[in-house]
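J.: Sequence plus the predicted model coming up.
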Amino acid sequence: MPLLGPEQVEAYWRDGFILARGLFPPSDLTPWLERTRDLASGRVPPSPSMQLVRDVMVAKGAVAPPTPEHAICKINFFENDPIYRSYAEDPRLLDEVAALLGDELLFVNSMVVTKPPGVDGRHPLHQDLLYFGFRPGDAVVGTWTALEPVTRANGCLAVLPGSHRGELSPHEIPGWDYVNYGFLGVKGVDGADRVHVEMEPGDTLFFHSLLIHGSGNNRTDGFRRAISAHYARAMAEDLWGGVDRLAKRPWIRVRG
C-alpha cells in the first residue's frame, strides 16, 4: 500500500511536493551508495550512455580535488546500469508515483547527485519542466531519495510551496563565478519564502515538474548523495516524439 494516502496526495497537488519519510530502509540504500562511490572513484566503468559529470570548478582548474570522488558532482542517465535501475523500477517507488500520476508510467530521466565538498555546487531555483518535452506540467513527477543525511549545512533541496501552480517561467544562467553546465535559474525569482527540506537516508521527495526548487552549497567535509528519477504519464502530450533528446533513447515504460 502506498505511503501517500488521500491527504498526502491532496498536499502534493496543493504545495507541489510531498515528503515520504522512510520509503526505503537504510539497508536498501547500500547498493546504490556503493555503486556511486565505485563509479566516481573510477573503480568500475560507467554503463553505456551514462555521463559522469565533473564539477565546473574542477574542470576549470579552480579546485584540485583530493580524490577522484571529489571531482564528480553528478551521474546522469543510469537506465543501462542494473544496480541503479533497480531504484527506478522499485515497486515501492512506482506505487507512490502511480498514486500521483496513475498506473501508466514512463521512466523519463535519471541522475545521482553527489554534491562534493570544496566546490560551490549550488543549483539555482529552477523548474524541471524546462528539461522535458511533456505537457502539461501536471504529467511529470520527480523523485529524489536521500542516500545519506541531507541537511542545510550540506546543501539540502529548497522548494517554493505552491509555485507549481504557475507556468513554465523564463530561465537564465545565474551570474555566479562558477555554474555547472545546464544549471539555469528562474529569472527574477524571489526565494525568500523557500522551505528547506532536510532528509534522512531513505526519505523520498516527490515534486511537481513546475515546482520552483534548488539547492545550496555544501559547507561540510562530507558528501550529499541522492538518487533521482523522473516519470511521466504515458498518455501525456509528448513534444519530443517518443525520444529523450538528452539521453538519446526511447522512453521506457515501467508501469501499465
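T.: Structure received.

J.: tell me which strands and helices the biggest helix by length in the chain is in contact with?
T.: Secondary structure of the chain per DSSP state H: the longest helix is helix 26-41. Using 3 or more C-beta pairs under 8 Å, 6 or more residues apart in numbering; DSSP states H and E, the elements in contact with helix 26-41 are strand 72-76, helix 82-88. Just so you know, the C-beta spots here come from the backbone N, C-alpha and C atoms, and that holds for glycine as well.

J.: for the stretch 151-256 of the chain, which spans come out with low pLDDT?
T.: For the stretch 151-256 of the chain, no stretch has pLDDT under 70.

J.: What's the separation between G182 and H213?
T.: 15 Å (C-beta to C-beta, to the nearest Å).

J.: Just want to know which of those two has more residues nearby.
T.: Neighbours per residue (other C-beta atoms under 10 Å) separate G182 from H213, with H213 holding more: 27 against 14.

J.: For the more buried one, name its beta-bridge partners.
T.: H213 forms beta bridges with H126, V159, as assigned by DSSP bridges.

J.: Strands of the stretch 101-250 of the chain, residue ranges please.
T.: All strands of the stretch 101-250 of the chain, identified by DSSP state E, counting those that start in this stretch, fall at 105-113, 123-126, 134-135, 140-146, 157-159, 171-172, 185-186, 195-197, 204-208, 213-215, 226-233, 237-238, 243-244, 249-250.

J.: Now the helix or strand harbouring M57 - C-alpha only, PDB.
T.: Taking DSSP states H and E as the criterion, M57 maps to helix 56-59. Coordinates of the C-alpha atoms in helix 56-59 are reproduced here as PDB (Å, rounded to 0.1, in the frame of the first residue of the first chain):
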ATOM      1  CA  VAL A  56      32.800  23.100 -13.100                       C
ATOM      2  CA  MET A  57      35.400  24.300 -10.500                       C
ATOM      3  CA  VAL A  58      37.400  21.100 -11.000                       C
ATOM      4  CA  ALA A  59      37.000  21.200 -14.800                       C
END
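
J.: which other residues reach that helix?
T.: Here helix 56-59 makes contact (C-beta atoms under 8 Å, 6 or more residues apart in numbering) with 63-65, 70-71, 119-120, 178-181.

J.: Report the buried residues of that helix.
T.: Within helix 56-59, the residues that count as buried by 16 or more other C-beta atoms under 10 Å are 56-58.

J.: Mind putting those into JSON lines with distance to F17 and pLDDT?
T.: Supplementary listing: those in JSON lines, determined by distance: C-beta to C-beta, whole Å; pLDDT from 0 to 100:
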{"residue": "V56", "distance to F17": "27", "pLDDT": "97"}
{"residue": "M57", "distance to F17": "29", "pLDDT": "98"}
{"residue": "V58", "distance to F17": "31", "pLDDT": "98"}
